[in-house]
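**Student:** Have a look at this fold, sequence not included:
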């Protein structure tokens, strides 16, 4: 559905994207992660036709982004990070306006269906300018799925939503991903782990990781995360001289999180040192590395 080949974007001499390449198949949800300035939004804007690449090429549904952008835009829904809406319009009025642009058949039926899907039914008599940021985000989602495109490109889609709204919108995106290809940019790691079949991590304009979400730990396959909780607080220097320690940090309730080399037997060293310091270990466990662990390691 989406094929990107060595896309590069220059702002003067600065490279926002540097020979980025990947392919995305049909009916899958792919998360694009990266720190601020990594090139995520630039990539999405290029794929949606809002700006041209400096070099490279991309195809969406076999349409070329340099020559067939109108065809591409007819087949995708794009929700930018800063959701553009006509605040003086009523919700129904706005969705009618969008439906007319896309020449949607049975538009009244489709508008009612989409309003139900995104949870706007109780707000339907309001102008968009009267809505909270969370409900404006729902209007933006309604707009991008109204013409039932096979591809959705969403830039921070849960930004500004309260916890309950976030769960509802995530569930909606997950449902949409069963029938559509979804490319989503987000800063929320839990969102990626819940929603995405695959993760692409950008740093300084380059792809530093690209794998199925469940296998992303392969990028740190020689490392392990250890969590230990003592009966009292210890100085973090307690861990400084243990063999195989990569990093460590204090957590609440006398707990500590450690990143260590896989074969260094750090858990045994912690136990022995705790005995020497008359400490009780209340909890000691080893966890698989998460998307967040991989993200921090590759982008710091």
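**Tutor:** Now that the structure is in, tell me what you want to look at. Computed from a predicted model, the values in this text were never measured in an experiment.
**Student:** OK, contacts around the residue most central in space within the chain?
**Tutor:** What sits nearest the mean C-alpha location of the chain, by CA atoms, centre = their mean, is residue 186, with 3.1 Å. The contact partners of residue 186, taken as CB atoms under 8 Å, 6 or more residues apart in numbering, are 31, 32, 33, 156, 157, 158, 192. For every residue, glycine as well, the C-beta is placed using N, CA and C.
**Student:** which of these tops the neighbour count?
**Tutor:** Counting neighbours by other CB atoms under 10 Å, residue 33 leads the contacts of residue 186 with 29 neighbours.
**Student:** quick one: that one and residue 296 touch, right?
**Tutor:** No - look at residue 33 against residue 296 with CB atoms under 8 Å: they stay out of range, at 10.7 Å.
**Student:** Walk me through the domains of this protein.
**Tutor:** Split into domains by automatic domain parsing, the chain comes to 2-217, 221-299.
**Student:** from the ones you listed, which stretch is densest packed?
**Tutor:** With neighbours defined as mean count of other CB atoms under 10 Å, the domains of the chain peak in mean count at domain 2-217, which reaches a mean of 18.
**Student:** Quick one: end-to-end length of that domain, please.
**Tutor:** Chord length of domain 2-217, first to last residue, is 25 Å (CA to CA, to the nearest Å).
**Student:** Show me how far that domain is from its chain's centre.
**Tutor:** With CA atoms, centre = their mean, to the nearest Å as the basis, domain 2-217 stands 10 Å off its chain's centre.
**Student:** all helices of this structure, in order?
**Tutor:** For the chain, the helices defined by DSSP state H cover 40-47, 69-74, 91-101, 107-118, 133-145, 163-176, 189-195, 266-276, 291-299.
**Student:** Now render these as TSV, adding distance to residue 211 and mean pLDDT.
**Tutor:** Below are the helices of the chain laid out as TSV (distance: least, CB to CB, whole Å; pLDDT from 0 to 100):
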stretch	distance to residue 211	mean pLDDT
helix 40-47	17	94
helix 69-74	27	90
helix 91-101	36	95
helix 107-118	31	93
helix 133-145	27	90
helix 163-176	20	87
helix 189-195	12	87
helix 266-276	25	89
helix 291-299	9	80
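**Student:** and of these, who's closest to residue 230?
**Tutor:** Taking CB to CB, helix 266-276 is the member of the helices of the chain nearest to residue 230, at 7.0 Å.
**Student:** So what touches the closest one?
**Tutor:** Under the criterion CB under 8 Å, 6+ apart, residues 224, 226, 228, 230, 238-239, 242-245, 258, 260, 280-281, 284, 286 lie in contact with helix 266-276.
**Student:** Kindly recompute the last result at 6 Å.
**Tutor:** With contacts defined as CB atoms under 6 Å, 6 or more residues apart in numbering, helix 266-276 is touched by 226, 228, 242, 244, 260, 281.
**Student:** Can you tell me which of those is nearest residue 203?
**Tutor:** Distances from residue 203 to the contacts of helix 266-276, taken by CB to CB, are shortest for residue 260, at 23.1 Å.
**Student:** Tell me what the closest one is bridged to.
**Tutor:** Beta-bridge partners recorded for residue 260 (DSSP bridges): residue 224, residue 245.
**Student:** wait, which of the helices of the chain is closest to residue 3?
**Tutor:** The minimum distance between residue 3 and the helices of the chain falls on helix 40-47, with 10.5 Å, by CB to CB.
**Student:** Mind giving me the packing neighbours of the closest one?
**Tutor:** In terms of contacts (3 or more CB pairs under 6 Å, 6 or more residues apart in numbering; DSSP states H and E), helix 40-47 is packed against strand 151-155.
**Student:** Fine by me, thanks again.
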